[in-house]
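**Q** quick check, what structure comes out for this input:
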Amino acid sequence: MTQYTPTEPVNVLLVEDNPGDARLTKEAFKTTDNEIEFHTVTDGKEATEYVFQREELDIILLDLNLPRMDGFTFLEQIKRELDYPPPVLVLSSSKTESDIRGSYERAANAYLTKPQSPDEFDTMAQAIEDFWIESAQHPPAPS
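**A** Take a look at the predicted model:
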């Protein structure tokens, strides 16, 4: 199996309005092997603007409950507007079936429940790196 090697650094858009969760997520990725460059926005409208202005994003980590534009609306927009959106991993504190189903219906690539401790954040970051950064094949960037 050919291993995918992302361009360095790995460009991650973190869409998170809770400063504590944003900090924990960034700290957790410091324990992984890849150099991660975080671009952080705090609402869905900012995220949409960022995605449409940025050519290279390797992955998006998306909270659902956001001000101005929620995560569901963000997912709908990028699904409608982009031929090959970067992988979007929903990272939410919600465990409700409707949020999980709604995320996948709007083309989220994965739904992860936010960890409860820093160690669990580290484990989640490692799992994301192992699968989404190191192993999963992404479509080529449009030319």
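
**Q** for the protein, which residue is closest to the average position?
**A** residue 61 (1.8 Å; Cα atoms, centre = their mean).

**Q** show me what contacts that residue?
**A** Neighbouring residues of residue 61 by Cβ atoms under 8 Å, 6 or more residues apart in numbering: 12-16, 25, 89, 91, 128. The way it works is simple: take the backbone N, C-alpha and C, and place the C-beta from them, glycine included.

**Q** quick one, phi/psi of it?
**A** phi -100, psi 120 (degrees, to the nearest 10).

**Q** still on that earlier bit, for the contacts of residue 61, which one is nearest residue 41?
**A** Nearest to residue 41 among the contacts of residue 61 is residue 15, at 5.6 Å by Cβ to Cβ.

**Q** the closest one bridge partners, please.
**A** In this entry, residue 15 is beta-bridged to residue 41, residue 62, by DSSP bridges.

**Q** what sits against the nearest residue to residue 74 once chain neighbours are set aside?
**A** Leaving aside its chain neighbours, residue 74 sits nearest to residue 44 (4.0 Å; criterion: Cβ to Cβ, 6 or more residues apart in numbering). Going by Cβ under 8 Å, 6+ apart, residue 44 touches 15, 66, 68-71, 73-74.

**Q** kindly provide the distance from residue 133 to residue 80.
**A** Separation of residue 133 from residue 80 (Cβ to Cβ, to the nearest Å): 26 Å.

**Q** which one of those two is surrounded by more residues?
**A** residue 133 (23 against 10; other Cβ atoms under 10 Å).

**Q** I'd say that one and residue 58 touch.
**A** Yes. Using Cβ atoms under 8 Å, residue 133 is in contact with residue 58, at 6.9 Å.

**Q** okay, stretch 20-33 in CSV with CA atoms only?
**A** Output of stretch 20-33 as CSV, limited to C-alpha atoms (Å, rounded to 0.1, in the frame of the first residue of the first chain):
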residue,chain,number,x,y,z
GLY,A,20,-10.8,26.0,25.4
ASP,A,21,-11.7,23.3,22.9
ALA,A,22,-9.7,25.0,20.2
ARG,A,23,-6.7,25.1,22.5
LEU,A,24,-7.1,21.5,23.5
THR,A,25,-7.3,20.4,19.9
LYS,A,26,-4.2,22.3,18.9
GLU,A,27,-2.3,21.0,21.8
ALA,A,28,-3.3,17.4,21.0
PHE,A,29,-2.0,17.7,17.5
LYS,A,30,1.4,18.8,18.8
THR,A,31,1.8,15.1,20.0
THR,A,32,1.5,13.8,16.4
ASP,A,33,4.3,13.3,13.9
